[in-house]
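the sequence isn't on hand, but the structure is:
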């Protein structure tokens with residue numbers, strides 16, 4: 001259990017830094033519920049973490065019905081990662097990088113945070129939780145499922161962030177999916 005706690009704390013810090021230091025300053029999107037939370041933030045100004053919690057509720061109902069173990073492990077990830085995302089937003093972390101390095105580094109940090117949590121059967125909830133449920137049934141790599149779902153989310157955000165930032169956001173989700181897959185692959189090899 002200690003390893004799970006460390007994984008969710010470190011993963012949540014990585015998410016909080018990745019979102020606030022690299023994505024938000026350039027109005028980039030991630031996919032999944034984090035991306036939807038960013039869209040809500042960019043459009044209406046609501047805190048990203050609280051938005052993620054609200055948007056994740058229907059998926060938690062599914063997890064409760066179909067896989068309670070994922071529900072219990074993910075609820076901690078959801079609450080702690082949302083907390084760190086909102087805490088780091090108040091610190092106004094700004095790293096003076098261009099949009100492409102920010103898209104890449106944001107994707108790497110978010111992907112490592114998600115991958116670390118998934119490695120210990122934890123998640124941020126949202127579409128990571130959906131990918132866990134689908135991956136178990138469809139026997140498809142969770143990173144590939146996350147990439148597909150993330151793509152759908154950023155397509156939905158074109159009207160909010162514009163075509164240029166949509167394209168840069170595509171770089172972000174590519175790195176999120178890649179890093180998530182690498183974290184999980186390394187775990188399965190050990």
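Alright, I've got the coordinates. Everything numeric here is computed off the predicted structure, so don't read it as measured data.

name the nearest residue to residue 79, sequence neighbours excluded.
Closest residue to residue 79 apart from its sequence neighbours, by CB to CB, 6 or more residues apart in numbering: residue 53 at 7.2 Å. No exception for glycine: its C-beta is placed from N, CA and C like everyone else's.

select the longest helix from this structure.
helix 158-189 (DSSP state H).

what's that one packed up against?
Counting contacts by 3 or more CB pairs under 8 Å, 6 or more residues apart in numbering; DSSP states H and E, helix 158-189 packs against helix 32-44, helix 99-119, helix 142-156.

can you list the weak-confidence ranges in this protein?
92-93, 128, 186-190 (pLDDT under 70).

what strand or helix carries residue 71?
helix 68-90 (DSSP states H and E).

picking that back up, mind listing what's buried in the longest helix of the chain?
161, 165-166, 168-181, 183-184 (16 or more other CB atoms under 10 Å).

can you check stretch 66-80 too?
Quick answer for stretch 66-80 (16+ other CB under 10 Å): 67, 70, 71, 73, 74, 75, 76, 77, 78, 79, 80.

just want the most central residue of this protein.
residue 34 (5.0 Å; CA atoms, centre = their mean).

for residue 7, see how far away it is.
Taking CB to CB, to the nearest Å as the measure, residue 34 falls 18 Å from residue 7.

over to residue 158?
From residue 158 to residue 7 the distance is 34 Å (CB to CB).

how about residue 19?
From residue 19 to residue 7 the distance is 18 Å (CB to CB).

and if you look at residue 109?
15 Å.
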